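K.L.:
Need a 3D model of the sequence below.
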Amino acid sequence: MMEANKQQELLTITMEECAEVIVECSKIKRFGPLKDNIQSLEKELGDLMCMVMLLEDAGLMDATNVEFAIKNKREKLKKWSNLDV
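P.N.:
Predicted coordinates:
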């Protein structure tokens, strides 16, 4: 396991990346799916996905458990949303 300082930094950066994804989603809702807005969202999602991989590398999550959670979420969305998942 990594030292506490590095773990805290990893978690803080991950939180910041989550917030940046939220901002880009908000921009698309407000101003539409303009090319620049989509590119910004893609960039921030890439940054977030990088952090998710680093969380796994650091032993703070298990990809198998995340895959299981993804499948469960898709099932919930089929039941409780209007999305075609």
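
K.L.:
From here on, just use CA atoms for contacts and neighbour counts.
P.N.:
Fine.

K.L.:
so what secondary structure elements neighbour the longest helix anywhere in the chain?
P.N.:
Counting by DSSP state H, the longest helix found in the chain is helix 4-31. Judged by 3 or more Cα pairs under 8 Å, 6 or more residues apart in numbering; DSSP states H and E, the packing partners of helix 4-31 are helix 35-57.

K.L.:
and the helix it packs on, average pLDDT?
P.N.:
For helix 35-57, mean pLDDT rounds to 98.

K.L.:
Identify each buried residue in that helix, please.
P.N.:
For helix 35-57, a neighbour-count test (16 or more other Cα atoms under 10 Å) marks Asn37, Ile38, Ser40, Leu41, Glu44, Leu45, Asp47, Leu48, Met51, Val52, Leu54, Leu55 as buried.

K.L.:
Can you get me a residue count around the nearest residue to Glu56 once chain neighbours are set aside?
P.N.:
Ranked by Cα to Cα, 6 or more residues apart in numbering and with sequence neighbours excluded, the top spatial neighbour of Glu56 is Asp62, at 5.9 Å. Other residues within reach of Asp62 by the criterion other Cα atoms under 10 Å amount to 13.
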